[in-house]
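**Q** Fold the following for me, if possible:
(2 chains)
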Amino acid sequence: QQKVQQSPESLSVPEGGMASLNCTSSDRNFQYFWWYRQHSGEGPKALMSIFSDGDKKEGRFTAHLNKASLHVSLHIRDSQPSDSALYFCAASEQRISGSFNKLTFGAGTRLAVCP
Amino acid sequence: DAGVTQTPRHEVAEKGQTIILKCEPVSGHNDLFWYRQTKIQGLELLSYFRSKSLMEDGGAFKDRFKAEMLNSSFSTLKIQPTEPKDSAVYLCASRPGQERGFYEQYFGPGTRLTVL
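**A** Residues are numbered from 1 along each chain as shown, chains lettered A, B, ... in the order given. Sure thing, here's the model as predicted:
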């Protein structure tokens, strides 16, 4: 079983709509989460991190973390065709470097924003 | 600043060949990662270097995969001998890796390897 599970596998939303992506960890050691986005033909690029319970907003993107349930979500409002990409959730055990902050990635959610 | 550079972008190899993929991390970054990306397995960690020292060599990939960091600005991933199941996108990433804080990984564009 993958330690970081994402849903749905794929998602289609109309331009201007809201996209909601979900991620759950099965390992209680994973406390720190990242969202990465990968456009076709490119490497993944970090969108945002979230380490504390609650919401974190950056522009059109809002991440929400519930540490008790190890659930993190990403909401994209006013979705644009340029948001069409593969979105990865990644989790790490430790925040402070000095030990190895290995990222464990989920399988990804493919988002399509239709004009 | 230049991002992570990977060469070549595409590689086609015959089964049994040796191939070498190259990566130049972001200048000043101490951590370097190699990943393999496939549709079925997603992103799998192959190797991790901190300040040129190998910290993790990805267990299941030990046999035919060898990553090296010749200096702080250049790394190679050698696959020897290649097999068709090695067909994938190979991604290199770097990170500041300072002692305090937690920083994002910067990925290169990847090398798409096809083994016939």
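
**Q** Give me the nearest residue to B:Q17, chain neighbours excluded.
**A** The shortest distance from B:Q17 to any non-neighbouring residue, by C-beta to C-beta, 6 or more residues apart in numbering or on different chains, is to B:T82 (5.2 Å). (C-beta placed from N, C-alpha, C; glycine too.)

**Q** make that A:K45, sorry
**A** Per C-beta to C-beta, 6+ apart, closest to A:K45 is A:R37, 5.7 Å.

**Q** next one: A:S69
**A** A:T24 (7.5 Å).

**Q** now do B:K52
**A** Closest to B:K52 by C-beta to C-beta, 6+ apart is B:M69, at 4.6 Å.

**Q** and what of A:D53?
**A** Nearest one to A:D53, counting by C-beta to C-beta, 6+ apart, is A:K67 at 5.2 Å.

**Q** Need the three-state assignment for A:M48.
**A** strand (DSSP: H, G, I helix; E, B strand; the rest coil).

**Q** Quick check, pLDDT for it.
**A** pLDDT recorded at A:M48 is 94.

**Q** from chain A, which residue is nearest to chain B?
**A** Taking C-beta to the nearest C-beta as the measure, the point where chain A comes nearest chain B is A:G43, at 3.1 Å.

**Q** residues contacting that residue?
**A** B:4, B:91, B:93, B:107-110 (C-beta atoms under 8 Å, 6 or more residues apart in numbering or on different chains).
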